[in-house]
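Visitor: No letters, just coordinates:
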């Protein structure tokens, strides 16, 4: 059996949505230009999927990624494209990267900027979502994801304390906020997944 060829899903020229600090659209710029230098503020999202055992799905970014290749991060993250709603982008990207869909709940949004040496940067107004995995089979896109694993919440926190350099900067910020402010909500989500 030959390997299934997966269609390319990320493009340097895809038009991302530029925003101001209040998340108002102010224009569009290609993905590659948004991540050049210290980055240009654009709209993005991060998704955290949990299973019925209280574990979160982590992914290791593919080796071919220009920024933070082979770093571990949250279940899925990307950007809505010009003319695309956040809901459309969330479900498109979950399916493209992981072969999954899930009901997602918005938690919070924040602005951050992080440089990756001279290779470029992230400067994003990032919307953070959580969801319960429906138990479908994870089918990762090899151009996007090198590896993946389900990890108990407390173990994630321990790993971030013991070896933070293995993880993307946005994931570290988001995980701290989720643990500090929304831990109860995450546990309720896992309980709901267990009841489903």
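Guide: Structure's in. What do you need? Owing to the predicted nature of the structure, the values given are computational and were not obtained by experimental measurement. Numbering: from 1, shown residues only.

Visitor: May I have the distance across stretch 27-44, first residue to last?
Guide: For stretch 27-44, the first-to-last residue distance is 14 Å (C-alpha to C-alpha, to the nearest Å).

Visitor: I misspoke; the intended subject was stretch 20-29.
Guide: Stretch 20-29 stretches 14 Å from its first residue to its last (C-alpha to C-alpha).

Visitor: Likewise for stretch 139-154?
Guide: 25 Å.

Visitor: Tell me the buried residues in it?
Guide: Buried residues in stretch 139-154, defined by neighbour count with 16 or more other C-beta atoms under 10 Å: 140, 141, 143, 144, 145, 146, 148, 150, 151, 153. In short, each C-beta sits where N, CA and C put it, glycine included.

Visitor: Phi and psi next, for the fifth one.
Guide: Its backbone dihedrals place residue 145 at phi -130, psi 130, with angles given as degrees, to the nearest 10.

Visitor: Quick one: residues contacting it.
Guide: Residue 145 makes contact with 59, 60, 61, 62, 97, 98, according to C-beta atoms under 8 Å, 6 or more residues apart in numbering.

Visitor: now it: how far from residue 68?
Guide: 13 Å (C-beta to C-beta, to the nearest Å).

Visitor: For the helix or strand of the chain with the lowest mean pLDDT, report the contacting residues that lie outside it.
Guide: Using mean pLDDT, DSSP states H and E, helix 183-195 stands out as the lowest-scoring helix or strand of the chain, at a mean of 85. By C-beta under 8 Å, 6+ apart, the residues outside helix 183-195 that reach it are 48, 50-54, 105, 107, 130-133, 135, 153, 178.

Visitor: what comes up buried for it?
Guide: 186, 189, 190, 193.

Visitor: what's the distance between the third one and residue 54?
Guide: Between residue 190 and residue 54 the computed distance is 4 Å (C-beta to C-beta).

Visitor: Check the first one too.
Guide: The gap separating residue 186 from residue 54 is 8 Å, by C-beta to C-beta.

Visitor: Mutual contacts of the two, please.
Guide: Any residue near both residue 186 and residue 54 by C-beta under 8 Å, 6+ apart counts here, and that gives residue 153.

Visitor: ok, what's across the strand from the spatially most central residue of the chain?
Guide: Centroid-nearest residue in the chain: residue 77, 2.1 Å away (criterion: C-alpha atoms, centre = their mean). In this entry, residue 77 is beta-bridged to residue 46, by DSSP bridges.

Visitor: For it, list the residues it contacts.
Guide: Residues near residue 77 by C-beta under 8 Å, 6+ apart: 44, 45, 46, 47, 126, 170.

Visitor: OK, contacts around the closest residue to residue 138 other than its chain neighbours?
Guide: For residue 138, ignoring the flanking residues on the chain, the nearest one in space by C-beta to C-beta, 6 or more residues apart in numbering is residue 98 at 5.5 Å. By C-beta under 8 Å, 6+ apart, residue 98 lies in contact with 49, 57, 59, 75, 76, 138, 139, 140, 141, 145, 148.

Visitor: Relative to residue 105, how far out is the fifth one?
Guide: Taking C-beta to C-beta as the criterion, residue 76 is separated from residue 105 by 14 Å.
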